Structures are given as C-alpha cells and as structure tokens.
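>>> curious how this folds, go ahead:
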Amino acid sequence: MALWIPAGVWHSARFDSDSLIAVEDFDAGLHALPYTEATVVNATAEQRRLLLARMRSSEVPEDDPAVFAALCSAHRDCLPLPQPTSRAASTVARELARTPADPRTATEWAEDLYTSSTSLRRAFRTETGLAFSEWRTRLRLNHSLELLGQGQLVSVVAARVGFVSANGYILAFRRHFGETPGAYTKRSTDPYAAVG
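From the prediction side, this is the model:
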C-alpha cells in the first residue's frame, strides 16, 4: 500500500515496528497530484520495486517526472483497509498481504499463533473496524485490481486472490465496487468506455 499526501496537508501516521517506509518528495509546483487529501492507493509490484531501487541507490534521488508518473498510476479505487496493531492480528494481516489466497480460517490462524479465535476476531473488529472475513475480502479485492490491470482473466484472478469460485469473486467485487470485474477492466483501460 502507498499513501499520497498533497503539499500543505497536515497529517500523522503510525507504522508497525517491522514496516519499511519509502518516502518520495515531489515539487508541488511541477507536478499536479490527482488528490486533494491524503489518499491510500494500492501500489503495484513494479512500483514497489521502483521505490526499493531508489532507496538502495547511493545517489540522491532527483525529482524525476518519469518516477512521478510511474507512481501516480497506483489504484485509487482500492478499498480502505485499516491495519491491526496487536501481535497476532498484525501477523495474520502481514501474512495475508503476502499470500492473499491463504485459505486458513480465523480459527486456524489462532491455533497456529497459540491464541484464541475469539481474541483474534475481536482484535480485527476493534483495531480495524471490520470483521476478519470482511477485512480479508477487502484485501483480496484490492490485490485483484493489480491482476486485472495486467489483463488476467477474471477466473484466474479469482483463484489467485483466494476466492473459491469466479462467481463469488464477481459478486464480492460488484458489492464493493458497484460493477463487475469485467466492466471495471473495460472502464479502466478504455477512456471512452463510459461515453454513451
């Protein structure tokens, strides 16, 4: 995930102790950010690689228009996904972010982490405002945006992010985004798709 913060916007952020933070500054006079408030976006694997490469560089990164353009293409449609903070819940969240298709239930996660499923479910509800199942669904849908953007088939995307069936994925996608994955892909790739 990435966070765009327009110039002049007061903000604060809290990160887990094992988070890796990559900061890129851009001149507000040279670049027009498409957001007017702090906005969470779903960064792609390519964007993460770009940021890591710039972090590892021994040279001071320049305000590069090509880098700005590459980072601006993140998914602004991603669903809000607050991160849990307690040890067990944040461990589950981290692992699911790495492998969204992991089929383990909250009960199975709790057993693996030597805690109770009630405590784990309560942590998700209290710390994120979402039930564990809803949190995981949102994570999977957010991951699916990147795969759809790569042109992968809906059935393949559904399986890769952990939905049991393509129909289940389509229903969840429509419930959260207001359109089917196919319609979303067409609208995202065809600037004239919405023109009637």
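>>> low-scoring stretches of the chain, by residue?
1, 33-35, 42-45, 60-61, 73-76, 190-196 (pLDDT under 70).
>>> in the helix ranked longest in the chain, which residues are buried?
Determined from DSSP state H, the single longest helix within the chain is helix 132-149. For helix 132-149, burial by neighbour count (16 or more other C-beta atoms under 10 Å) applies to 132, 135-149. No exception for glycine: its C-beta is placed from N, CA and C like everyone else's.
>>> helix or strand right after that helix?
Following helix 132-149 in sequence order, the next helix or strand is helix 154-161 (DSSP states H and E).
>>> residues in contact with that following helix?
The contact list for helix 154-161, computed with C-beta atoms under 8 Å, 6 or more residues apart in numbering, reads 100-101, 140-141, 143-144, 147-148, 152, 165-166, 168-170, 181-182.
>>> that one versus helix 132-149: what angle between them?
With axes from the mean of the first three to the mean of the last three C-alpha atoms, to 10 degrees defining the directions, helix 154-161 sits at 130 degrees from helix 132-149.
>>> restrict helix 154-161 to CA atoms and write it as CSV.
Output of helix 154-161 as CSV, limited to C-alpha atoms (Å, rounded to 0.1, in the frame of the first residue of the first chain):
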residue,chain,number,x,y,z
VAL,A,154,-11.4,-12.9,-14.2
SER,A,155,-11.4,-16.7,-13.3
VAL,A,156,-7.6,-16.6,-12.9
VAL,A,157,-7.7,-13.5,-10.8
ALA,A,158,-10.4,-15.0,-8.5
ALA,A,159,-8.3,-18.1,-7.9
ARG,A,160,-5.1,-16.2,-7.4
VAL,A,161,-6.5,-14.0,-4.7
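>>> for the following helix or strand past that helix, packing partners?
On the C-terminal side of helix 154-161, the nearest following helix or strand under DSSP H and E is helix 166-177. In terms of contacts (3 or more C-beta pairs under 8 Å, 6 or more residues apart in numbering; DSSP states H and E), helix 166-177 is packed against helix 132-149, helix 154-161, helix 181-189.
>>> so which elements touch the longest one?
If contacts are counted by 3+ C-beta pairs under 8 Å, 6+ apart, helix 132-149 sits against helix 87-98, helix 117-128, helix 154-161, helix 166-177, helix 181-189.
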